[in-house]
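1. what shape does this take:
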Amino acid sequence: KAFRNSASTGRRLGILGLLIAFFGLLYVVGWHFKMYDYMKTYNVFNHLNRVEINELPLTQNERIQPLQNIFSMANESVGETKDVSLPHLVRVDGENKWTMAIQPSEKYTLQQISDNTEEVFAVSSTSPFPRFSSENRIPVVFSIGESLKFSRNTYNAVVQRFNILQLFTMEPSDTFYMKNDSGQWVEVVSLIKWKGFFFPYPTFGGVMVIDSGAHDFNDYVERVLIGKGTYISPEEMKNHPFLTKQNTLSEKVSRLQAESLKFLGGFTDPLPWKMETAVKIPDLPDDQNQQPFVTDFDFNGTNVGAYNGLYHWFGLEPIGDERTSLTYSVFIPADGTDQLFYYDHAAKKQGYAGVSAMPLKIIESRKEFDWSVNKPVEFRPYIKDIAGRKRMFFLGTVSAVRDDSSKFDGSATPDLALVDSEYRDVVWIDVKHPSQWDKSVY
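-> Here you go, the predicted model:
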C-alpha cells in the first residue's frame, strides 16, 4: 500500500529495494544457511516421544546380504523388459524377507501403460544363499505399480484417494510388498503426514493398502476418478496384525527423527560455534544403502515395554568430521509406533567406535584384498550375550563393485566380519554357519 501511495519514483524504488533486501535476507537465512531445516528438525524433536533405555536390546535373525547385493542379484534374474523395485525387509509368514516387485521396465513406455506387475520376489534375509528362482518368485498381479503410468501409477492412485484435507497434508512414500491377515499379497504404501504451520515437519501418517488382482471396467472407472486403496490411520494399525511389528515406516521420517536428537543438548547446541553434544547420522561414501538399517531386535530384559521385531536402527556420532565415536544407538519402531528408543553411549563413557570407523578396521585386517574393487559396507549392529556380558559388534559385508563403480555385484557367498565396537578387534566369520558366529567371537 505504501508502495502504491508513494508519489515520487525515488521513494518507490527505495521501498522496492527494502522489499528485495527483506526477501533476500529470508532466502539467505532460511535456505542458504539452512535455518528452515534447522527449525523443522527442532519441531520434530519437540514432538518426539523419546524413551531413553539403559539396557541394549539383543539382535536376532541377522540378515546376511546388504540391500544393494539383493537388488543386484534380483536384477540379474529378470529379463530385459522387466525391472525390480527397491527391496524392503518385511515380515512374511513369521520370517524376515526381502520383497520386491518384478515390474514393467521404465525403458519401455508402452508396457508401462498396458502391462501389470505380475510377480513378486520374496527371498529370505537370513540365508547366505538367497535364491531368485521359481520357489521365491510369487505369481501375483498388481494393476497398480511403482513403474506403471498415469492412473495405474502407485503415487497417482494413492494421491487421488486422499480427501481434501489429506491432499494438502499427506504424501505417499516408500512402497512395501507383504501378506495381509488373510494371506493375500498386498501393496502397502507408507504415508507421510505434515504437521505444523510455520515450519511443517513430517510424521508417520499411516498406510494405504492396495489389494492384488486384475482390474475390470468398474475398477478402471474408480481408479481414474478417485484412485484406489484402503486408508489405515496410525491409530487403526493395531487392529491389523499384519501391520504390527512390521516395516511400514518411511525412512524419510525416521532419518529426521534420529537426526533431531542433536537438540538433546538444547536449541542452540547444533549451532556452528557451540556443538558440545550435537550428533549426526554418518553417511559412508562407499555405502550405497545409508542408515537406517532395518534390524530385528529382542527387547526382552530392557523393561521399556517395546515389542520384539523390526526397527530402524541408527548409530549417531559427534557432528564433526574427525570424531567417529558411537554417541547414541537409536531404535525407531519400523511399524510407525509413536516412540523412539535411544541408548546414550557417550554418557556411560563406553568409548565405543561408530560406523564411520568400521571400514578402515576391516581393510586393515585383510590387506591381501584388492580394496579398489571391494568395499566393506552396511555396518549393522550385532548385539549378543557373550562370555557373561552384553557385547556390541558391527556386522559388515565385503561387496565387490562393478567396473563402472555404480553398482555392487551381489555374491551368493559374501565375506562377513564382526568388529568389536569396544576393543576394535575384527573377527572374520563363516557366512555358511551363523550358529557358530558367537563361538568364533568367544
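2. what's in contact with stretch 267-287?
-> 38, 42, 255, 258-259, 261-265, 290-291, 314-320, 324, 327-328, 346, 354-356, 359, 375-379 (Cβ atoms under 8 Å, 6 or more residues apart in numbering). (Glycine included, C-beta is placed from N, CA and C.)
3. quick one: stretch 105-122 to chain centroid distance?
-> The chain centre lies 25 Å from the centre of stretch 105-122; the measure is Cα atoms, centre = their mean, to the nearest Å.
4. low-confidence stretches in the chain?
-> 1-8, 21-33, 273-275, 403-407, 409-412 (pLDDT under 70).
5. in it, which residue is most central in space?
-> E251 (3.4 Å; Cα atoms, centre = their mean).
6. what distance do you get for that one to D438?
-> 30 Å (Cβ to Cβ, to the nearest Å).
7. how far away is the residue nearest to the centre of the chain from F293?
-> For E251, the distance to F293 - Cβ to Cβ - is 10 Å.
8. shared neighbours of those two, anything?
-> H312.
9. what's the helix or strand for W437?
-> Here W437 sits within helix 437-441, counting by DSSP states H and E.
10. what is the neighbour count of K361?
-> 20 (other Cβ atoms under 10 Å).
11. strands along the stretch 251-400 of the chain, start to end?
-> Using DSSP state E, counting those that start in this stretch, the strands of the stretch 251-400 of the chain run over residues 279-280, 293-298, 309-318, 328-333, 340-344, 374-386, 389-401.
12. turn the ones you listed into TSV, columns for mean neighbour count.
-> As requested, these are exported to TSV (neighbours: other Cβ atoms under 10 Å):
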stretch	mean neighbour count
strand 279-280	24
strand 293-298	22
strand 309-318	24
strand 328-333	24
strand 340-344	20
strand 374-386	22
strand 389-401	21
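13. nearest to S233, of these?
-> strand 328-333 (16.1 Å; Cβ to Cβ).
14. within the sheet, what are the partner strands of the closest one, with directions?
-> strand 309-318 (antiparallel), strand 340-344 (antiparallel) (DSSP bridges).
15. helices of the chain, start to end?
-> 2-5, 9-27, 35-46, 67-75, 109-114, 154-161, 164-169, 217-226, 251-259, 358-365, 437-441 (DSSP state H).
16. quick one: which of those is nearest F393?
-> helix 437-441 (7.2 Å).
17. buried stuff in the closest one?
-> 437-438, 441 (16 or more other Cβ atoms under 10 Å).
18. what is that helix packed up against?
-> strand 374-386, strand 426-429 (3 or more Cβ pairs under 8 Å, 6 or more residues apart in numbering; DSSP states H and E).
19. redo those strands as a markdown table? Include distance to G336.
-> As requested, the helices and strands packed on helix 437-441 are exported to a markdown table (distance: least, Cβ to Cβ, whole Å):
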| stretch | distance to G336 |
| --- | --- |
| strand 374-386 | 21 |
| strand 426-429 | 33 |
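20. so which of these is nearest L86?
-> That would be strand 374-386 among the helices and strands packed on helix 437-441, by Cβ to Cβ, at 14.7 Å.
21. which elements pack onto the closest one?
-> The helices and strands touching strand 374-386, judged by 3+ Cβ pairs under 8 Å, 6+ apart, are strand 58-59, helix 67-75, strand 293-298, strand 309-318, helix 358-365, strand 389-401, strand 415-420, helix 437-441.
22. quick one: that strand to chain centroid distance?
-> Taking mean C-alpha positions (Cα atoms, centre = their mean), strand 374-386 and its chain are 17 Å apart.
23. next, the angle strand 293-298 makes with it.
-> Angle of strand 374-386 versus strand 293-298, following axes from the mean of the first three to the mean of the last three Cα atoms, to 10 degrees, is 10 degrees.
24. given strand 374-386, what are its sheet partners and their directions?
-> Strand 374-386 is paired, per DSSP bridges, with strand 389-401 (antiparallel).
25. tell me the angle of the partner strand relative to helix 67-75?
-> 50 degrees.
26. strand 389-401 to helix 358-365, inter-axis angle?
-> If you take the same axes, to 10 degrees, strand 389-401 sits at 80 degrees to helix 358-365.
27. if we can go back for a sec, which residues are contacting the helix holding W437?
-> Residues from elsewhere that reach helix 437-441 (Cβ under 8 Å, 6+ apart): 384, 386, 391, 393, 418, 427, 429-430.
28. go through these and name the one nearest P202.
-> Distances from P202 to the contacts of helix 437-441, taken by Cβ to Cβ, are shortest for F393, at 32.4 Å.
29. that closest one is in contact with F379, isn't it?
-> No. In this structure, F393 is not within contact of F379 by Cβ atoms under 8 Å, at 9.4 Å.
30. what sits in contact with each of these two?
-> Shared contacts of F393 and F379, counting by Cβ under 8 Å, 6+ apart, come down to V419.
31. nearest to V159, of the helices and strands packed on strand 374-386?
-> Comparing the helices and strands packed on strand 374-386 by Cβ to Cβ, strand 309-318 comes nearest, at 24.8 Å.
32. and the closest one, how far from the chain's centre?
-> On Cα atoms, centre = their mean, the centre of strand 309-318 falls 10 Å from the chain's centre.
33. okay, angle between that strand and helix 251-259 too, please.
-> Going by the same axes, to 10 degrees, strand 309-318 makes 50 degrees with helix 251-259.
34. then strand 309-318 to PDB, C-alphas only?
-> Taking C-alpha atoms only, strand 309-318 is exported to PDB below (Å, rounded to 0.1, in the frame of the first residue of the first chain):
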ATOM      1  CA  GLY A 309      10.700 -57.300  15.800                       C
ATOM      2  CA  LEU A 310      11.800 -54.900  13.100                       C
ATOM      3  CA  TYR A 311      13.200 -51.400  13.900                       C
ATOM      4  CA  HIS A 312      15.000 -48.700  12.000                       C
ATOM      5  CA  TRP A 313      18.500 -48.500  13.700                       C
ATOM      6  CA  PHE A 314      20.800 -45.500  13.600                       C
ATOM      7  CA  GLY A 315      24.300 -45.100  15.100                       C
ATOM      8  CA  LEU A 316      24.700 -41.400  15.800                       C
ATOM      9  CA  GLU A 317      28.200 -39.800  16.000                       C
ATOM     10  CA  PRO A 318      29.600 -36.400  17.000                       C
END
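35. got the phi and psi for the closest residue to S325 other than its chain neighbours?
-> Of all residues not flanking S325 in the chain, G354 sits nearest, at 5.6 Å (Cβ to Cβ, 6 or more residues apart in numbering). Torsion angles at G354 (phi, psi; degrees, to the nearest 10) stand at phi -90, psi -180.
36. G354 contacts F314, doesn't it?
-> No. Applying Cβ under 8 Å as the test, G354 and F314 come out as separate, 10.5 Å apart.
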